[in-house]
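>>> here is my input; please provide its structure:
(one chain, ligands or ions: 1)
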Amino acid sequence: MCGNALAARCVHLPTQRNGRPLILDKPRLAVPPLVPPREMSLFLDLDGTLLDLVDDPGSVVADASLRGLLTRVTERLDGRVAIVSGRSIAQMDAILGPLAHELAISGSHGSEHRWQGIAAHPVRPPALDEAHARLRDFADAHAGVRVEDKSYGVALHYRTAPTIEPEVRTLAAELAEALNLQFQPGKMMAELRLPGGDKGKAVRMLMGRAPMAGTRPFFLGDDDTDEPGFVAARDLGGAGILVGSRTVTAALYALPDPASVHDWLARITA
Ligand SMILES: O=P(O)(O)OC[C@H]1O[C@H](O[C@H]2O[C@H](CO)[C@@H](O)[C@H](O)[C@H]2O)[C@H](O)[C@@H](O)[C@@H]1O
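This is a model prediction of the structure:
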């Protein structure tokens, strides 16, 4: 039945095949509409959304073209642009350069924030040091596994050793339980992080303040950690825009990849 709040994604599809329920492996989401810039605020995830995923998370840098695009979008939206990432703010400063100080920045999965000269940084849990040591031991014993140390988290990456995923996830879940940290699964990575923050909370906080208050939030992201951002955007009159495909998502629209995100952003500035 079409006619609810999710009508934008409602299409009439067959629900049975050979008398059995048909399970679709991908949601069929529409391309996002072009909302008048004066009505919108933008919340942008970094890895997998603005930037293509690569093997080494430490090698990621926004090139001049992306920095220029983000500058133009920010001008067009009178400053209503935030980067909301699982990266730490320190990492985003390195990836984005001076531009990071012109944008609203929410890092570490909604745990730390910086905007208009005001910064909010929680206390780093000492348990992260123990988590780091345990993950480092694991990485040293398994080829192709990398450790990423962040302000409020530590992650194991296995993009070049994908068959090790079950072992990594089991270890991360056990350590999270033992050390009172949050297990954050990601794409080819598992992270232990400061509990409590999420990207939805970041969206709600920023949308409560000028200049974003009173506009419609649109959140672009590709990963588990972006789902609370999609929910918050939808609740506040905007929408989540999934980058790529997922079986279950709160996003109402989709774009296939970072290149199409860049094209969509460029159309906003036109
Ligand atoms: O919230 P995001 O901005 O999407 O950050 C999520 C995580 O992204 C990074 O990991 C991912 O990108 C890496 C570089 O392309 C890739 O190697 C890895 O497989 C991906 O999971 C980042 O390293 C993490 O800290 C972020 O939490």
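>>> from the ligand, how far out is Pro166?
According to C-beta to the nearest ligand atom, to the nearest Å, Pro166 and the ligand sit 16 Å apart. C-beta coordinates here come from the backbone N, C-alpha and C atoms, glycine included.
>>> and that residue, how far is that from Gly214?
With the distance defined as C-beta to C-beta, to the nearest Å, Pro166 ends up 47 Å from Gly214.
>>> and Val248, by the same measure?
Distance, Val248 to Gly214, using C-beta to C-beta: 31 Å.
>>> higher neighbour count, the two?
Set side by side, Val248 and Gly214 show more neighbours around Gly214, with 10 against 6, by other C-beta atoms under 10 Å.
>>> need the three-state assignment for that one.
coil (DSSP: H, G, I helix; E, B strand; the rest coil).
>>> next, the contact list for it, please.
Going by C-beta atoms under 8 Å, 6 or more residues apart in numbering, Gly214 touches no other residue.
>>> Asp149 too?
By C-beta under 8 Å, 6+ apart, the neighbours of Asp149 are His132.
>>> same thing but 10 Å
88, 128-129, 131-132, 135-136, 155 (C-beta atoms under 10 Å, 6 or more residues apart in numbering).
>>> do you have the strands of this protein handy? List them.
Shown for the chain, the strands assigned by DSSP state E span residues 16-17, 20-21, 40-44, 81-84, 104-107, 112-115, 118-120, 146-150, 153-157, 182-186, 189-193, 216-221, 239-243, 253-255.
>>> dump these to a markdown table, plus mean pLDDT and distance to the ligand.
Listed next are these as a markdown table, based on pLDDT from 0 to 100; distance: least, C-beta to the nearest ligand atom, whole Å:
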| stretch | mean pLDDT | distance to the ligand |
| --- | --- | --- |
| strand 16-17 | 46 | 34 |
| strand 20-21 | 47 | 32 |
| strand 40-44 | 98 | 9 |
| strand 81-84 | 98 | 7 |
| strand 104-107 | 98 | 9 |
| strand 112-115 | 96 | 13 |
| strand 118-120 | 90 | 18 |
| strand 146-150 | 97 | 5 |
| strand 153-157 | 98 | 5 |
| strand 182-186 | 97 | 4 |
| strand 189-193 | 98 | 4 |
| strand 216-221 | 98 | 7 |
| strand 239-243 | 98 | 9 |
| strand 253-255 | 97 | 15 |
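>>> find the pair from the contacts of Asp149 with maximum spatial separation.
Distance extremes for these: the farthest pair is Ser88 and Arg136 at 18.0 Å, using C-beta to C-beta.
>>> more neighbours, the two?
More neighbours surround Ser88 than the other of Ser88 and Arg136, with 21 against 14 (other C-beta under 10 Å).
>>> not counting sequence-adjacent ones, nearest residue to the more buried one?
Of all residues not flanking Ser88 in the chain, Ser151 sits nearest, at 3.9 Å (C-beta to C-beta, 6 or more residues apart in numbering).
>>> distance of that neighbour from Leu220?
As for Ser151, its distance to Leu220 is 23 Å (criterion: C-beta to C-beta).
>>> higher neighbour count, those two?
The residue with more neighbours, out of Ser151 and Leu220, is Leu220; 29 against 19, by other C-beta under 10 Å.
>>> for the closest residue to the ligand within the stretch 1-150 of the chain, phi and psi?
Checking the stretch 1-150 of the chain residue by residue against the ligand with C-beta to the nearest ligand atom singles out Gly86 as nearest, at 2.6 Å. For Gly86, the backbone dihedrals (degrees, to the nearest 10) come out as phi -80, psi -10.
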